[in-house]
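Engineer: sequence and predicted structure are below.
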Amino acid sequence: MKKEILLLLSVQFLVYLGFGIIIPVLPEVIVQQHWSDLHVGGLLTVYSLASFFTAPFWGMLSDKIGRKQLILTGLIGFCLSFVIFSLFINNLVILYISRIVGGLFSGALYTAITGYISDISSEEERNKYMGLMGMSVGLGFIFGPALGGMLGHYSLQLPFITSAILLALLFIYASFIIKEPVKQNNNHKRAIIPKGANNLLHYRVRYLFIFSFLVTFMLAGVESTFQLFQIDRIQITPLQIGYLFMFSGFVDAAIQGGVVRRIKNGTETTWLIAAQIATALGMILFTLTSSLWMAGLALCVFTAGNALARTCVVSLSSKESGGQYGVAAGLSYSMDSLGRIIGPLFFTWLFTMQETLGYFTSASIAIGSIALIFIFKASQKSFRIS
């Protein structure tokens with residue numbers, strides 16, 4: 001494997017490790033400082049909001065100034081966000097600022113890395129590399145909460161200090177290893193190249209961006225209500241929740257590293273349809289939970305479908321971008337952020353109305369979203385470069 005790919009996978013792992021590391025620590029910070037519990041959600045939401053509003057900008061910037069420069073900038077900014085959080089852990093206003101900074105620069109890293117991979121890979125290789133990138137994201141989600149809980153046992157600042165040090169070391173290493181890739185814009189193959197996100201949305205790739213939003217929307221809904229639902233059903237404990245999410249994280253990594261990388265070019269839509277059927281099945285299994293084993297099975301089935309859909313749609317979107325990989329990555333990342341902003345609020349509201357309503361709603365959304373894939377296939381307005 002190319003050493004640049006290994007480095008990029010390491011960066012993505014640390015970005016999502018940093019996202020997950022705050023999950024077991026943040027509530028404890030809020031409780032110790034006697035702040036309102038609403039700030040737990042607030043501090044998580046501003047991160048996604050910052051990513052949502054700036055990711056397309058980062059994508060266009062990476063197409064203009066280069067992937068390497070943006071990756072290095074993102075590493076510095078993301079590192080700074082952890083330093084701020086650790087130094088001002090007793091100041092609520094500055095904690096919000098640190099989360100906004102983290103969201104800003106995580107968006108820069110995601111779009112630059114996805115664009116870099118698209119630049120140095122062929123279409124056949126891209127599924128494999130996107131799968132590996134998805135696996136690194138999954139591993140970050142697996143080890144992030146575990147590391148945060150372990151280090152937070154000794155000091156609430158320690159998880160953030162550790163993350164900052166790792167990112168600083170990675171910045172130094174990346175400065176020497178990463179070389180600016182040759183962009184594959186292929187301008188000579190098209191008379192008209194869409195400039196910016198608005199023009200790109202005139203092509204059929206827009207259906208993939210909507211699909212991407214729905215996939216993350218459902219994932220955010222499960223993340224926000226799963227524990228509440230299982231407490232009512234089987235009196236699940238936080239330790240059991242941790243084990244289930246860790247195990248489902250390994251399922252996520254296995255799907256993206258073992259399945260997605262082997263998907264052949266041109267078959268992505270078939271896999272996306274299968275992924276949504278698995279997602280819907282997982283949602284129905286949630287409503288039938290009567291034991292810890294059943295809860296774990298439902299979570300793993302859902303995770304498998306969701307992981308397959310998330311990575312396939314990113315890869316296919318890049319192929320439909322007409323060479324503007326940075327713009328496509330930025331839009332995909334914004335859809336992901338939008339899902340994480342709206343999903344928790346919407347599905348928690350449904351949960352307060354009726355505990356299974358959110359899962360039946362998600363199952364319907366998963367099946368309904370298959371129509372987007374058929375619409376995408378039927379459209380002739382493709383910007384894909386042959």
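Structural biologist: Sure, I can see it.

Engineer: for the chain, which helix or strand comes out least confident on mean pLDDT?
Structural biologist: helix 197-200 (a mean of 56; mean pLDDT, DSSP states H and E).

Engineer: could you point out which element follows it?
Structural biologist: Once helix 197-200 ends, the next helix or strand along the chain (criterion: DSSP states H and E) is helix 205-234.

Engineer: quick one: average confidence on that following helix?
Structural biologist: Across helix 205-234, the average pLDDT comes to 80.

Engineer: so how far is the next helix or strand after it from its chain's centroid?
Structural biologist: Per DSSP H and E, the first helix or strand lying C-terminal to helix 205-234 is helix 238-254. What separates the centre of helix 238-254 from the centre of its chain is 16 Å, taken as CA atoms, centre = their mean, to the nearest Å.

Engineer: equivalent analysis for stretch 277-287, please.
Structural biologist: 21 Å.

Engineer: got it, and stretch 349-360?
Structural biologist: Stretch 349-360 has its C-alpha centroid displaced from the chain centroid by 24 Å (CA atoms, centre = their mean).

Engineer: could you do stretch 294-309 as well?
Structural biologist: In terms of CA atoms, centre = their mean, the gap separating the centre of stretch 294-309 from the centre of its chain is 16 Å.

Engineer: who touches it?
Structural biologist: Contacts with stretch 294-309, where a contact means CB atoms under 8 Å, 6 or more residues apart in numbering, come from 134, 138, 211, 215, 218-219, 222, 226, 230, 233-234, 236, 244-245, 247-249, 251-252, 255-256, 259-260, 271-272, 274-283, 285-286, 288-289, 366. Every residue, glycine included, has its C-beta placed from N, CA and C.

Engineer: emit the ChimeraX select command for whichever of those are buried.
Structural biologist: This is the ChimeraX syntax for the buried subset of the contacts of stretch 294-309, where burial follows 16 or more other CB atoms under 10 Å:
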select :134,138,211,215,218,219,222,226,230,233,234,236,244,245,248,249,251,252,255,256,259,260,271,272,275,276,278,279,280,281,282,283,285,286,289,366
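
Engineer: point out where the stretch 201-350 of the chain drops to low pLDDT.
Structural biologist: The model of the stretch 201-350 of the chain has pLDDT under 70 over residues 201-203, 227-228, 237-239, 241-242, 256-257, 260-261, 320-330, 332-334.

Engineer: can you show me the CA trace of stretch 10-17 as CSV?
Structural biologist: Only the C-alpha atoms of stretch 10-17 are listed here, as CSV (Å, rounded to 0.1, in the frame of the first residue of the first chain):
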residue,chain,number,x,y,z
SER,A,10,-3.9,7.6,10.4
VAL,A,11,-5.2,11.1,10.1
GLN,A,12,-8.8,10.0,9.7
PHE,A,13,-8.5,7.6,12.6
LEU,A,14,-7.3,10.4,14.9
VAL,A,15,-10.0,12.8,13.7
TYR,A,16,-12.7,10.4,14.7
LEU,A,17,-10.8,9.2,17.7
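
Engineer: buried residues, that stretch. List them.
Structural biologist: For stretch 10-17, the neighbour count (16+ other CB under 10 Å) marks 11, 12, 13, 14, 15, 16, 17 as buried.

Engineer: quick one: which of the residues you listed is nearest to residue 129?
Structural biologist: residue 12 (11.1 Å; CB to CB).

Engineer: was I right to think the closest one contacts residue 129?
Structural biologist: No: when contacts are counted by CB atoms under 8 Å, residue 12 is not listed as touching residue 129 (11.1 Å).

Engineer: give the contact list for the most centrally placed residue in the chain.
Structural biologist: A centroid search over the chain (CA atoms, centre = their mean) returns residue 336, at 6.2 Å, as the residue closest to the centre. If a contact means CB under 8 Å, 6+ apart, then residue 336 has 51, 212, 213, 216 as its contacts.

Engineer: where along the stretch 251-386 of the chain do the helices fall?
Structural biologist: Assigned by DSSP state H, counting those that start in this stretch, the stretch 251-386 of the chain shows helices spanning 268-287, 292-319, 325-353, 357-378.

Engineer: run the chain-centre distance for the shortest one.
Structural biologist: The gap between where helix 268-287 is centred and where its chain is centred comes out at 18 Å by CA atoms, centre = their mean.

Engineer: which strands and helices sit next to that helix?
Structural biologist: helix 205-234, helix 292-319, helix 357-378 (3 or more CB pairs under 8 Å, 6 or more residues apart in numbering; DSSP states H and E).

Engineer: how many neighbours does residue 378 have?
Structural biologist: Residue 378 sits with 9 neighbouring residues when counted by other CB atoms under 10 Å.

Engineer: now residue 85: which helix or strand?
Structural biologist: helix 67-87.

Engineer: with residue 56 instead?
Structural biologist: helix 38-65.

Engineer: how about that helix: buried residues?
Structural biologist: Judged by neighbour count using 16+ other CB under 10 Å, the buried positions of helix 38-65 are 39-40, 42-52, 54-63.

Engineer: what mean pLDDT does that helix get?
Structural biologist: For helix 38-65, mean pLDDT is 75.

Engineer: report all helices and strands that that helix contacts.
Structural biologist: For helix 38-65, the packing partners by 3+ CB pairs under 8 Å, 6+ apart are helix 26-32, helix 67-87, helix 92-120, helix 197-200, helix 325-353.

Engineer: roughly how far is that helix from the heart of the chain?
Structural biologist: With CA atoms, centre = their mean, you get 12 Å for helix 38-65.

Engineer: likewise for stretch 159-174?
Structural biologist: How far stretch 159-174 lies from its chain's middle: 20 Å, per CA atoms, centre = their mean.

Engineer: what sits up against it?
Structural biologist: 7, 10-11, 14, 17-18, 21-22, 25, 68, 71-72, 75-76, 78-80, 82-83, 85-86, 147-148, 151-152.
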